[in-house]
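K.L.:
this is a predicted model, with the sequence first.
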Amino acid sequence: MMSRTVSLPSSSVVESAQWILLLLLIPPWSNLVMTSSPFTVALWHHNNRVSANNVCQRSEMADGGLTVRCSGLRLTQVPVGLSNLTVRLFLDKNLLSSLPAGSFSDLSLLDELDLSHNQLSSLEAGCFRGLASSLRFLDLSSNQLSSLELAALSGLRALTNLTRNPWHCDCRMQLSTPQLDLDPSSLSEVICQTSDLPNRGAVGTPLLQLLDDWDLCLSVRRSTDVVMLVTMVLWFSTLISYLLYYIRQNQEHARQHMEYIKALQGRQL
């Protein structure tokens, strides 16, 4: 009796069958709009960008504006395709590490922006471009920000929450803080984790208290004064050296001229 060999499906065939089964279990695409699972986000990645229309929850407000929630989606960038009718935008509990310039430039009606509980460590110049006249509430709490760049604020006057960030309190921070209307209820929690004044009790001190007690730009001004003084000394030294050289050269020229005149007079005699 001849034995028959049973050939097993190749691994590629098995994988294809698994994908087909998985696709059959997925709900219709229209239902993915209100979904916030990481798998849904992965499906809609395109060049590392995510479409807000497909992963964020949207609800219409009484005045016709939109509240858009993109919370907890593990986004690494601000999603594209946000409606210009967006009034409230929630991007909290994601993985944003930076905000490129023009991230919200099309959202001219944006009134509230929640960026809390991300991994923001820097704010690029112009990241809030176009929001100066509309934005009233900005939440940057629970991130990794250590400094605020003046170029990133761009005249922003939003009521801002800066709590639970590892702030480094220095002259740049002192100059940036007046650009923001800090949330009064959170001022005591804006703590200096590091400072240019580590030996004066600055570490662990609320920022506003430190600004009341110390001028964090004083050392910068002193350094600037020293540089200006050294520059002026070098400039005057150069000027004096040139004058001495000029006088010495003129004296030598005058001596040679006098000797020439005496020689002419001697020949005439």
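P.N.:
The structure has been received and is ready for your questions.

K.L.:
how near is residue 142 to residue 253?
P.N.:
77 Å (CB to CB, to the nearest Å). The way it works is simple: take the backbone N, C-alpha and C, and place the C-beta from them, glycine included.

K.L.:
more neighbours: which of these two?
P.N.:
A direct count of neighbours by other CB atoms under 10 Å for residue 142 and residue 253 places residue 142 higher, at 18 against 10.

K.L.:
specify the local secondary structure of that one.
P.N.:
coil (DSSP: H, G, I helix; E, B strand; the rest coil).

K.L.:
quick check, it in contact with residue 114.
P.N.:
No - contact criterion CB atoms under 8 Å: residue 142 and residue 114 do not qualify, at 10.8 Å.

K.L.:
and the helices in this protein?
P.N.:
Assigned by DSSP state H, the helices in the chain fall at 11-25, 38-43, 52-55, 150-153, 171-176, 207-213, 218-268.

K.L.:
neighbours of residue 255, how many?
P.N.:
Neighbour tally, residue 255, other CB under 10 Å: 10.

K.L.:
now swap in residue 59 and tell me
P.N.:
10.

K.L.:
for the one 4 residues further on, same thing?
P.N.:
For residue 63, the neighbour count with other CB under 10 Å is 8.

K.L.:
need the pLDDT of the nearest residue to it once chain neighbours are set aside.
P.N.:
Spatial nearest neighbour of residue 63, chain neighbours left out: residue 87 (7.8 Å); criterion: CB to CB, 6 or more residues apart in numbering. Confidence at residue 87, expressed as pLDDT, is 96.

K.L.:
surely residue 87 touches residue 108?
P.N.:
No - between residue 87 and residue 108 there is no contact under CB under 8 Å: 10.5 Å.

K.L.:
how close does the nearest residue to residue 100 once chain neighbours are set aside sit to residue 150?
P.N.:
Nearest non-adjacent residue to residue 100, counting by CB to CB, 6+ apart: residue 124, 5.4 Å away. The gap separating residue 124 from residue 150 is 12 Å, by CB to CB.

K.L.:
between those two, which one's more packed in?
P.N.:
Counted by other CB under 10 Å, residue 124 and residue 150 do not tie: residue 124 has more neighbours, with 15 against 12.

K.L.:
quick one: residues contacting the more buried one.
P.N.:
Each residue near residue 124 by CB atoms under 8 Å, 6 or more residues apart in numbering is listed here: 98, 99, 100, 101, 149, 152.

K.L.:
repeat that with 10 Å
P.N.:
For residue 124, the contacting residues are 98, 99, 100, 101, 102, 103, 149, 151, 152, by CB atoms under 10 Å, 6 or more residues apart in numbering.

K.L.:
surely the first one meets residue 115?
P.N.:
No - with contact defined as CB atoms under 10 Å, residue 98 does not count as touching residue 115 (11.2 Å).

K.L.:
which residue ranges make up the domains of this structure?
P.N.:
Split into domains by automatic domain parsing, the chain comes to 22-216, 218-264.

K.L.:
those domains: lowest mean pLDDT?
P.N.:
Among these, domain 218-264 scores lowest, at a mean of 67.

K.L.:
then stretch 205-220 to PDB, C-alphas only?
P.N.:
The C-alpha coordinates for stretch 205-220 follow below in PDB (Å, rounded to 0.1, in the frame of the first residue of the first chain):
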ATOM      1  CA  THR A 205      11.400  77.100  44.800                       C
ATOM      2  CA  PRO A 206       8.300  78.400  43.000                       C
ATOM      3  CA  LEU A 207       9.300  80.400  40.000                       C
ATOM      4  CA  LEU A 208       7.400  83.600  40.900                       C
ATOM      5  CA  GLN A 209       8.900  83.600  44.400                       C
ATOM      6  CA  LEU A 210      12.400  83.300  42.900                       C
ATOM      7  CA  LEU A 211      11.700  86.100  40.400                       C
ATOM      8  CA  ASP A 212      10.500  88.300  43.300                       C
ATOM      9  CA  ASP A 213      13.700  87.600  45.300                       C
ATOM     10  CA  TRP A 214      16.400  87.500  42.600                       C
ATOM     11  CA  ASP A 215      17.300  89.000  39.200                       C
ATOM     12  CA  LEU A 216      18.200  86.000  37.200                       C
ATOM     13  CA  CYS A 217      19.500  88.200  34.400                       C
ATOM     14  CA  LEU A 218      22.000  89.900  36.700                       C
ATOM     15  CA  SER A 219      24.800  87.500  36.000                       C
ATOM     16  CA  VAL A 220      24.100  87.800  32.300                       C
END
